[in-house]
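A.B. asks: need a 3D model of the following:
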Amino acid sequence: PEAEEAAVTASEAEEPIEFSVSFAEEGDDGSGTHLVSEPPCNLFRVRGPTYLSDRQKVTSEWCALQLLGADLWPSAQKLEHVAANEAAGKVAAMARRHGGDVLVINFQCPQKTGALSVLLYWALTPRGAQDDRFRALWDRFREADDEWCNARLKLIPTVVEGNFIVKRVVGSKPAILGRVKTRYHKGAHYVEADVDIASSGAAANMWRAVESVAKTLVVDLGFVIEAQETPELPERLMSTARFHKIDLSRARLSAAPK
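C.D. replies: As a prediction, this is how the structure comes out:
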């Protein structure tokens, strides 16, 4: 019986987790469509060790979380706290396979009818877990209330490929996500941030600009828990994702391990 149980556990661990957006193949030249990947960490700049006195930023050398996948989920109403609902099995499987500590960011995007959740999933890496400076901020982020998290979670966007108008609207300036209504949900093995795009006129305008030409865009997103005190510097890049020419018409719910 013990051997049979072990075999079942091993089989379960090998079951692939399905996502509605595929990973780009290693070495993808950017010509692929409807893909997600991790951009090089050195494309992002973060606050340096003396930033509070000289405002100098440095090139990021590594990332504390590993991208696991992405989903585009359509729904009649905004999906909230997916890690305990629609994505509960998926997030639990990720936590089992990657040692716990999963981050879910759910961009709740308005549509003409209904809503669309653009979901990203990451897991804490061994290096992220062992880095004292990052781990201290991560543990605080895991435990803190929404007010603290909203003052700290920062997005660094870059339109790698796209027209001038979209590049101008999206920009590349880091922005605190809490300026858009963001709610946090936390469980034993995950943190989820639900970002309500329609709650901000600026964010909604940005989404409309991106939505209309998404199939032509390559967009990088970097996320940082902002360092606001000297012992927290230099900043660590928390997580990244690159969207390759996403076809929003292919949004669909994806199956997940139970």
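
A.B. asks: which residues touch the nearest residue to residue 221 once chain neighbours are set aside?
C.D. replies: Leaving aside its sequence neighbours, residue 221 sits nearest to residue 241 (CB to CB, 6 or more residues apart in numbering; 5.0 Å). For glycine as for every other residue, the C-beta is placed from the backbone atoms N, C-alpha and C. Neighbour list for residue 241: 36, 37, 38, 39, 67, 70, 120, 220, 221 [criterion: CB atoms under 8 Å, 6 or more residues apart in numbering].

A.B. asks: for the host helix or strand of residue 241, give the mean pLDDT please.
C.D. replies: Assigned by DSSP states H and E, residue 241 belongs to strand 237-244. Throughout strand 237-244, pLDDT has a mean value of 98.

A.B. asks: CA atoms of it as PDB?
C.D. replies: Provided in PDB are the C-alpha atoms of strand 237-244 (Å, rounded to 0.1, in the frame of the first residue of the first chain):
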ATOM      1  CA  LEU A 237      13.400  42.500  -8.600                       C
ATOM      2  CA  MET A 238      10.600  40.300  -7.400                       C
ATOM      3  CA  SER A 239       9.100  38.900 -10.600                       C
ATOM      4  CA  THR A 240       8.800  39.500 -14.300                       C
ATOM      5  CA  ALA A 241       6.700  38.500 -17.300                       C
ATOM      6  CA  ARG A 242       6.800  39.200 -21.000                       C
ATOM      7  CA  PHE A 243       3.600  39.000 -23.100                       C
ATOM      8  CA  HIS A 244       4.200  38.100 -26.800                       C
END
